[in-house]
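[1] Here is a sequence together with a model predicted from it:
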Amino acid sequence: MNAQGYCAVIPVYNHPDAIGAVVAALHEYKLPVVLVDDGSDPVCASVLNALALEADTQLLRLPENQGKGGAMMVGLRHAQRLGYSHALQIDADGQHDTADIPRFLATSAAQPEKVICGCPIYDDTVPKSRLYGRYATHVWVWINTLSFAIRDSMCGFRIYPLASVVDLIDSVCLGKRMDFDGDILVRLYWRDVGIVNLLTRVRYPADGISHFRILRDNLLISRMHARLFFGMLMRLPQLLWRKRST
């Protein structure tokens, strides 16, 4: 697969043990990597410094933690400035199946104007609280798009067409933490950017580090859905017409 025009953007916050293997897998598929250090501690920062010495690896460093969304937006803008047309988003903790990267790239190459969005297949490592909590988000996303086009808005394994995405993040205020993934997909859908859902295996390593803060992030996600709901009401005629036309 020719990945010319494609890079990977990885937000990193204190994943020193997993990030090296993720970067190695991306390089195996000839993907340049943009690492965004989101205020990591000295141990992880040292690991990232070493990775940045490798070919086709760039490191951006944020002095303070901005959250996953804030780091992703910095990385996506940087990727476009470097001349890439598309960016693959993948988590730093190793939960995503990098063996699916060629399939994601091929699907994107065939439909370059669309977002290629991972739809997780979980094994028994997934925390049940996280699994059940996702269903409420799915329902709200379906309401706020009047569509089932987005199968899973929370999976952070996806490919973005950078022209559409950077134009969006430069023109609206998006969630900067765990509310980013759902927020950006719904708003891209509102802008008629197509979504392609691809099944992909996701596992939670037994020694993995999760930065999901149940109270804070669920509150942010709830606020995001409320904002999107009122945005949906403003776009209701357009969305209904779109639904009728498809």
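    Everything's here; your move. Numbers count the residues shown, from 1 in each chain.
[2] okay, which residue is most central for this structure?
    Of all residues in the chain, the one closest to the mean position by Cα atoms, centre = their mean is G156, 3.6 Å from it.
[3] which residues sit in contact with that one?
    68, 89-91, 96, 118, 181 (Cβ atoms under 8 Å, 6 or more residues apart in numbering). Quick note: C-beta positions are derived from backbone N, CA and C, even for glycine.
[4] Out of those residues, flag the one nearest to A52.
    Within the contacts of G156, proximity to A52 (Cβ to Cβ) peaks at I90, which comes in at 17.2 Å.
[5] How many neighbouring residues does that closest one have?
    Neighbours of I90 under the rule other Cβ atoms under 10 Å: 28.
[6] Report the separation between it and V126.
    18 Å (Cβ to Cβ, to the nearest Å).
[7] coming back round to it: ok, the residue nearest to the centre of the chain to W241 distance?
    32 Å.
[8] Equivalent analysis for T98, please.
    Distance from T98 to W241, by Cβ to Cβ: 40 Å.
[9] Show me what secondary structure element comes after the worst-scoring helix or strand of the chain on mean pLDDT.
    Within the chain, confidence by mean pLDDT, DSSP states H and E is lowest for helix 128-145 among all helices and strands, at a mean of 81. Using DSSP states H and E, the helix or strand that follows helix 128-145 in sequence is strand 158-161.
[10] Which elements pack onto that next one?
    strand 86-89, helix 101-110, strand 115-122 (3 or more Cβ pairs under 8 Å, 6 or more residues apart in numbering; DSSP states H and E).
[11] Quick one, which of those gets closest to H27.
    helix 101-110 (10.9 Å).
[12] can you map out the helices along this structure?
    For the chain, the helices defined by DSSP state H occupy 19-28, 42-51, 68-81, 101-110, 128-145, 162-169, 180-190, 214-234, 236-245.
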